[in-house]
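*Asks:* coords below, sequence missing:
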């Protein structure tokens, strides 16, 4: 899923300050917790509360889109709801905000979230962990299903770097060394042989920014 | 073992002078809190294990157990007063865990006007009270609403109630009160799921303390036999696809705004788990304080707290059971997590002092009162300060 974190209320209020009629658009898609109707209602209450402390009275409507990274679902859900709306506040990741900007050309849209990374929710631990860097040249078949591009601070293809201590990364000792995990896992699977080949540098042209793929 | 110091305000005590050491209390206690000392033969109560269900109190043949809550005298006093107030001769005794609103009582027993007596576990009502109500107080119809046996928060409370009423009914029939003089019905309040609204996020499946929820072909499904009605899934459902019977989201919203409207300022609203605080039968709050009792602190939605603030409430107090006492396993812990996260957000606008989470257990009768006293003093102090500025 795309992992996001809510922006500070002050920042949200600052960008909304020129407007009074706001539509908060949740997204039931992949963020966790899903920033759907409940989050939209909750943020509406928070903005109302914070606004009143600033002497502002926003008129806020809430809605939610099945997934804002789908232009069709976004336009069909939002189009009819934006009649008296001066600004849309999106609870989705950066994709959702940009979809709305594209499908509603006349209405300003603002992000309520900072988009952080593509990650896995570790339910038991209560954390979100970055797992994929969307590099376009997947090597997970060679690394025991553990991605060194996303999970090694140095993005090494031929690790480890030598700086790891007790399986932890020298850049951030709170985090696991991805190459330590890769070697342990391949060892367990009896496939250390796949590490014998030295990998040449990654092909950075696979995804030329901005990426595009025909549906 | 208890120190003499925390004997103060302890909700259940064994009175040595009356105890005949028959051991009935230790055999009925669902929590193994009472044991017979093999050396002295005395009955010993381990208060930290006690969940204050009152089953020992209602079972002791020697009246050797002192209970602070809902003892015979206060129950009788309440009934005498309530009989006048409700002008009815029908008594409905309900466990808070399964007590629906009065319209549901109407449906279950076919009564419209009745004297309500709502207690945490009907297993705590001694026979004396029922007999006295029927024989001397002019109660013509007695209905008891207990939880389904496997839904009982005190494990044995509901089964014991069943056996007790069966025995009482035999006695009452012999005394000429007719068959089934006391009507017993059972009920449980459980989750209601709307498949159409489900977005298959999996929150309910992960968080349900009783493994009642799972995702089946893209939507949440519940095994209602396993649901214990804590409401945690409802609170965490991002799509409002779930609701809890008797504590529906919309109903809570309406209740919050009604209570807020009737309070004086500075308004203090308490959300409390009904197992964490046992209010007295004549509980009355100050004009600026109101409480909403819930099946678990996990049913407190952050959204409802914010709604309370919007409706003009100045302070919100959440009373939950200590984690180890929680009747919904993780309910109390999850509630604390949600309230802490909301406090953090509220701290961005200087509102965090208006929200307080406390863990209290009825075994220490004064612990909730003390939390409320402190919170009230803080909210009232801040209110006066703001007013003078």
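*Replies:* That came through, no problem. Everything numeric here is computed off the predicted structure, so don't read it as measured data.

*Asks:* Mind checking what secondary structure residue A:73 has?
*Replies:* helix (DSSP: H, G, I helix; E, B strand; the rest coil).

*Asks:* tell me the contacts of the closest residue to chain B within chain A?
*Replies:* Closest residue of chain A to chain B, C-beta to the nearest C-beta: residue A:45 (3.6 Å). The way it works is simple: take the backbone N, C-alpha and C, and place the C-beta from them, glycine included. Counting by C-beta atoms under 8 Å, 6 or more residues apart in numbering or on different chains, residue A:45 touches B:303, B:306-307, B:309-310.

*Asks:* Shouldn't residue A:116 be within a helix?
*Replies:* No: according to three-state DSSP, the state of residue A:116 is strand, so it is not within a helix.

*Asks:* Contact partners for it?
*Replies:* Neighbouring residues of residue A:116 by C-beta under 8 Å, 6+ apart: A:3-5, A:128, A:130.

*Asks:* what's the spacing between it and residue B:87?
*Replies:* According to C-beta to C-beta, to the nearest Å, residue A:116 and residue B:87 sit 63 Å apart.

*Asks:* Which residues does residue B:358 form beta bridges with?
*Replies:* Per DSSP bridges, the residues bridged to residue B:358 are residue B:319.

*Asks:* Hmm, residue B:317 and it touching each other?
*Replies:* Yes: using C-beta atoms under 8 Å, residue B:358 is in contact with residue B:317, at 6.9 Å.

*Asks:* Please list the outside residues in contact with the helix or strand encompassing residue B:372.
*Replies:* Using DSSP states H and E, the element containing residue B:372 is helix B:367-388. Here helix B:367-388 makes contact (C-beta under 8 Å, 6+ apart) with B:9, B:265-266, B:268, B:270, B:272, B:276-277, B:286, B:288-289, B:314-315, B:317, B:319, B:353-354, B:356, B:358, B:360-362.

*Asks:* Doesn't residue B:118 lie inside a strand?
*Replies:* Yes: with three-state DSSP as the criterion, residue B:118 is assigned to a strand.

*Asks:* got the contact list for it?
*Replies:* Contacts for residue B:118 were tallied using C-beta under 8 Å, 6+ apart; they are B:93-96, B:99.

*Asks:* ok, so of those residues, who is nearest residue A:53?
*Replies:* Nearest to residue A:53 among the contacts of residue B:118: residue B:96, at 37.6 Å, using C-beta to C-beta.

*Asks:* How about the contacts made by that closest one?
*Replies:* Residue B:96 makes contact with B:118-121, B:274, B:293, according to C-beta under 8 Å, 6+ apart.

*Asks:* tell me the two of those residues that are most distant?
*Replies:* Distance extremes for these: the farthest pair is B:121 and B:293 at 14.1 Å, using C-beta to C-beta.

*Asks:* More neighbours: those two, which one.
*Replies:* Each of residue B:121 and residue B:293 has its neighbours counted (other C-beta atoms under 10 Å in any protein chain shown); residue B:121 has more, 30 against 20.

*Asks:* Could I get the full set of strands for the stretch 251-389 of chain B?
*Replies:* For the stretch 251-389 of chain B, strands defined by DSSP state E, counting those that start in this stretch occupy the ranges B:268-273, B:289-294, B:315-320, B:355-359.

*Asks:* Indicate which one of the ones you listed is closest to residue A:104.
*Replies:* Residue A:104 sits nearest to strand B:355-359 of all the strands of the stretch 251-389 of chain B, at 36.1 Å, using C-beta to C-beta.

*Asks:* I'd like to know which elements the closest one is packed against.
*Replies:* Packed against strand B:355-359 by the contact rule (3 or more C-beta pairs under 8 Å, 6 or more residues apart in numbering or on different chains; DSSP states H and E) you find strand B:315-320, helix B:331-347, helix B:367-388.

*Asks:* mind running it again at 10 Å?
*Replies:* With contacts defined as 3 or more C-beta pairs under 10 Å, 6 or more residues apart in numbering or on different chains; DSSP states H and E, strand B:355-359 has these neighbours: strand B:268-273, helix B:302-310, strand B:315-320, helix B:331-347, helix B:367-388.

*Asks:* Let's test this: mean pLDDT of it, rounded?
*Replies:* Over the span of strand B:355-359, the pLDDT mean works out to 98.

*Asks:* got the angle for it vs helix B:302-310?
*Replies:* Orientation check (axes from the mean of the first three to the mean of the last three C-alpha atoms, to 10 degrees): strand B:355-359 against helix B:302-310 gives 130 degrees.

*Asks:* Compute the inter-axis angle for strand B:355-359 and strand B:315-320.
*Replies:* Orientation check (the same axes, to 10 degrees): strand B:355-359 against strand B:315-320 gives 20 degrees.

*Asks:* How far does strand B:355-359 sit from its chain's centre?
*Replies:* 17 Å (C-alpha atoms, centre = their mean, to the nearest Å).

*Asks:* For chain B, which residues are neighbours of chain A?
*Replies:* Listed as neighbours of chain A in chain B under the rule C-beta under 10 Å from any C-beta of the partner chain: B:197-203, B:205-207, B:235-241, B:249, B:301-310, B:337, B:342, B:345-346, B:348-351.

*Asks:* mind listing what's buried in the biggest helix by length in chain A?
*Replies:* For chain A, the helix with the greatest residue count under DSSP state H is helix A:37-53. For helix A:37-53, the neighbour count (16 or more other C-beta atoms under 10 Å in any protein chain shown) marks A:37-51 as buried.

*Asks:* likewise stretch A:118-131?
*Replies:* Across stretch A:118-131, burial judged by 16+ other C-beta under 10 Å covers A:118-119, A:121, A:128, A:131.

*Asks:* burial of residue 21, as a residue count?
*Replies:* Since no chain was named, I'll use chain A. By other C-beta under 10 Å, 14 other residues sit near residue A:21.

*Asks:* nope, chain B
*Replies:* Using other C-beta under 10 Å, residue B:21 is surrounded by 16 other residues.

*Asks:* Contacts only, for whichever residue of the stretch 51-200 of chain B sits closest to chain A.
*Replies:* Going by C-beta to the nearest C-beta, chain A is nearest to residue B:199 of the stretch 51-200 of chain B, at 4.2 Å. By C-beta atoms under 10 Å, 6 or more residues apart in numbering or on different chains, the contact set of residue B:199 is A:28-29, A:34, A:36-37, A:64, A:66-67, B:218-220, B:237-239, B:241.

*Asks:* So which of these is surrounded by the most neighbours?
*Replies:* Neighbour-wise, the contacts of residue B:199 (other C-beta under 10 Å) top out at residue B:237, 30 neighbours.

*Asks:* Output the below-cut-off pLDDT ranges for the chain.
*Replies:* Looking at chain A here, since you left the chain open. Applying pLDDT under 70 to chain A flags no residue at all.

*Asks:* Actually, chain B is the one I wanted.
*Replies:* Where chain B drops to pLDDT under 70, the residues are B:1-8, B:100.
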